[in-house]
Structures are given as structure tokens and as C-alpha cells.
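Trainee: missing the sequence, but the structure's below:
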């Protein structure tokens with residue numbers, strides 16, 4: 001495939017100009033028609049999140065408070081060899097442990113305590129796959145820790161790869177996998193450049209067929225820019241763009257995912273979950289309620305916020321998720337962890353990540369990781385909710 005140029009600011013497939021000319025042309029922003037389609041998302045920045053109708057039951061699982069519980073954590077980092085260095089906060093010197101001692105208490109019920117053996121017995125002979133970005137890997141590692149520490153003598157087999165990693169519980173025939181697909185839709189290398197194809201998911205999707213439980217997440221990578229950006233060009237409807245409104249791109253990609261699920265997943269044999277946006281904590285003004293603070297991010301935070309609301313804005317991405325999911329033809333369970341995670345400004349690796357050098361750890365203002373989560377930690381609650389949604 002060639003990368004042609006066009007006389008306007010966008011590029012269409014099929015033209016015959018050279019790749020060099022393409023690189024020199026200015027970026028193109030997505031069409032006004034698509035932007036208008038998200039007008040309501042961009043014009044409303046509510047601090048209070050709406051109540052979601054999709055998951056109503058006798059228990060509002062995702063509305064509640066964090067309460068201290070000395071019976072937590074559910075496992076120790078030293079008992080789980082599957083935790084990556086970037087999430088292993090206790091191993092890499094985090095001095096406090098109070099952040100491990102909180103349990104999520106829904107407003108009008110109690111969550112069932114996670115039982116790893118029960119999970120294996122109920123899922124015997126089946127497969128579970130998390131699909132998405134590093135937050136999905138965060139959750140996958142949490143779940144395999146929660147299960148494996150419950151059956152420490154049961155044989156396992158770990159296969160780590162990219163994009164697919166799998167832990168098999170051999171005695172039970174259960175496989176728990178993570179498939180790395182930060183945008184869910186496909187990225188292809190073309191002439192040495194990464195092309196994000198908003199309308200194509202077939203490459204990734206082939207790996208998801210036949211799985212018994214699928215849990216998807218995407219979000220953070222859509223807003224990355226500069227050296228963190230995961231693509232060089234975006235392809236949409238046969239046209240290449242150097243950039244576009246990121247919320248438009250997110251919606252387009254998510255609709256491609258929704259069509260794939262509706263077309264290819266038999267909901268009578270496969271349970272489908274979508275995990276809501278995992279928040280970051282890089283802006284103390286979101287949780288300091290106007291108080292003067294010397295912190296620049298989550299570094300030094302050791303306790304969750306109290307109460308049942310978060311003063312920061314409700315993520316625009318979640319409004320897109322709700323709209324897209326409302327138009328799907330089959331059921332997808334929204335694991336709505338955004339609000340309860342927003343309250344956990346204390347749960348990030350900060351500088352206690354094995355991915356950071358000593359020099360980086362000495363400069364928390366620039367290096368603290370306030371995106372991912374410590375293990376043990378908050379993702380264990382995500383999985384307790386996942387377990388509840390699966391079996392109760």
C-alpha cells in the first residue's frame with residue numbers, strides 16, 4: 001500500500017503521490033458532521049455522573065463508599081509471582097499500607113467476598129479473556145493473583161506473549177487471558193508507519209472468538225500525544241488523517257467494536273463485559289476542594305476520598321460509551337468502576353514502580369505513575385465486582 005498525498009489537507013487511498021509528500025502535508029481534522037454528532041458530549045461537563053440504567057438490580061453495585069476493613073488485602077504481593085514490576089508497589093518500596101485496607105461498600109447491599117476456588121469450579125473448562133490496554137493487564141494480573149492464592153497447590157501454566165498472555169489452571173481446565181489491544185480496533189504497520197484503522201477490527205477480533213467470558217476496556221491511549229501516541233496515521237472511511245478530534249476517533253472505533261460484538265458473539269454462550277474509564281490522578285485540584293496543596297499529582301496520597309461523589313468532571317469518553325452501548329443489539333454488562341476508582345487517589349504506584357529508575361523516583365513531580373494501580377489494590381475490587389456480576 002502506498003501513502004499518497006492530496007491537494008487538500010487530507011489523504012485518500014488510491015492516489016499515486018509519494019510517501020514523502022504525505023509527510024509534509026499539514027494534519028487534517030475530522031469532518032464537521034462527525035463533530036456535530038458529538039456536540040452534546042462536548043458541551044456538557046457535569047461534575048455529578050448520571051445514574052446508569054443498564055445495570056439496575058436490587059443492589060446498586062457501583063454507588064457507595066470505601067470503608068476500612070483490616071481483613072484486606074485479599075492476598076499478599078509475595079504470594080503472587082504474576083505481578084509486573086510496574087504494579088508491585090510493596091516490592092518497590094511503598095512505605096505505607098493503609099491503602100490496602102479498604103473495602104468497597106455499595107449503598108444498599110454487601111458485596112460477596114471473592115472466592116477463588118468457587119470461581120474455578122463455576123468456570124471449569126472455560127476461558128476468560130481481558131482485552132484492552134495496560135489497565136486491562138492490571139485487572140488480569142489482579143484476577144490471576146486472587147484465584148491462584150486461593151489454590152496455591154494447584155498446578156498452573158503461564159504463557160506470556162504479545163499480544164496474548166494466558167494463565168491456565170490445569171486441574172480445572174480454566175484459562176484466564178489478557179489480549180493487548182489498546183484501541184480495540186486494528187493497528188497495521190504500513191511502510192514503516194503505524195496506521196490506526198477505526199473501521200477495522202478483524203485482525204484483533206479473530207483472537208476473541210470462542211471465548212466464554214470477554215471483558216473489554218479502552219480509553220487512555222486515545223488521548224495520548226507526542227512520544228506516547230500509539231499511531232502515526234488514522235484511517236477512517238478510506239481516508240488517512242494525521243490527526244483528528246480524539247473523541248470522534250474514540251466513538252468511531254467503539255462503534256466498530258460494538259458492530260463486531262453484535263455480529264460475531266453468541267450471547268447465549270459468551271458473557272460480554274465492558275469496563276468503564278479508569279481515572280487518573282494528576283491534578284490535585286480535582287480532589288483538594290480548593291485547599292492549598294503542595295502536591296503535583298498522586299504522590300504522597302495515602303487514603304481515599306470520603307463520601308459518595310467526586311468533584312472532578314465526568315469523563316466525556318463515558319458519555320460516548322453509554323451512547324454506543326445503548327444502541328447495541330445484545331446485552332453487554334457495563335462494569336462501571338469510574339466513580340469508585342476516582343475516589344482512590346491513594347491507589348496508584350506513584351514512584352513505587354519497578355519501571356522507574358532511581359533518578360525518576362527522586363523526581364515524583366515528573367515521574368509519578370498516577371494512571372495504573374498497585375497490586376494488591378484497587379483492581380481487586382474491580383474483580384470482586386466482576387465476580388459478583390458473573391455469578392450473583
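Mentor: Sure thing, it's come through. Bear in mind that the values here come from a model prediction, so they are computed numbers and not experimental data.
Trainee: leaving out the residues flanking it, which one is nearest to residue 102?
Mentor: Spatially, and ignoring its direct neighbours in sequence, residue 102 is nearest to residue 66 (4.6 Å; Cβ to Cβ, 6 or more residues apart in numbering). Where you see a C-beta, it was placed from the backbone N, CA and C, and this is true even at glycine.
Trainee: in three-state terms, label that neighbour for me.
Mentor: strand (DSSP: H, G, I helix; E, B strand; the rest coil).
Trainee: burial measure for residue 155, as a count.
Mentor: Residues contacting residue 155 under the criterion other Cβ atoms under 10 Å number 9.
Trainee: pull the contacting residues for the residue nearest to it when sequence neighbours are not counted.
Mentor: With sequence-adjacent residues excluded and distances taken as Cβ to Cβ, 6+ apart, residue 155 is closest to residue 170, at 4.7 Å. By Cβ atoms under 8 Å, 6 or more residues apart in numbering, residue 170 lies in contact with 154, 155, 156, 157.
Trainee: C-terminal to the host helix or strand of the last one, what's the next element?
Mentor: Secondary-structure element containing residue 157, defined by DSSP states H and E: strand 156-159. For strand 156-159, the succeeding helix or strand toward the C-terminus, using DSSP H and E, is strand 164-169.
Trainee: per-residue pLDDT, the nearest residue to residue 119 once chain neighbours are set aside?
Mentor: Of all residues not flanking residue 119 in the chain, residue 147 sits nearest, at 5.7 Å (Cβ to Cβ, 6+ apart). We have a pLDDT of 98 for residue 147.
Trainee: again, but for residue 309
Mentor: 83.
Trainee: doesn't it lie inside a helix?
Mentor: No: under three-state DSSP, residue 309 sits outside any helix and is assigned coil.
Trainee: quick one: it from residue 99, how far?
Mentor: For residue 309, the distance to residue 99 (Cβ to Cβ, to the nearest Å) stands at 20 Å.
Trainee: equivalent analysis for residue 263, please.
Mentor: Using Cβ to Cβ, residue 263 is found at 42 Å from residue 99.
Trainee: looking at these two, which one has more neighbours?
Mentor: Higher neighbour count among residue 263 and residue 99: residue 99, with 24 against 10, using other Cβ under 10 Å.
Trainee: contacting residues for the more buried one?
Mentor: Here residue 99 is in contact with 302, 303, 304, 344, 346, 347, 374, 377 (criterion: Cβ under 8 Å, 6+ apart).
Trainee: coming back round to it: from residue 177, how far out is the residue nearest to residue 155?
Mentor: Distance from residue 170 to residue 177, counting by Cβ to Cβ: 15 Å.
Trainee: what about the nearest residue in space to residue 173 that is not next to it in sequence, neighbour count?
Mentor: Of all residues not flanking residue 173 in the chain, residue 125 sits nearest, at 4.3 Å (Cβ to Cβ, 6+ apart). Counted by other Cβ under 10 Å, the residues lying close to residue 125 total 9.
Trainee: helix, strand or coil for residue 125?
Mentor: The assignment at residue 125 comes out as coil when based on three-state DSSP.
Trainee: dump the residue contacts of it.
Mentor: Counting by Cβ under 8 Å, 6+ apart, residue 125 makes contact with 172, 173, 174.
Trainee: if we ignore the residues flanking it in sequence, what's nearest residue 59?
Mentor: That would be residue 109: by Cβ to Cβ, 6+ apart, it lies 3.6 Å from residue 59.
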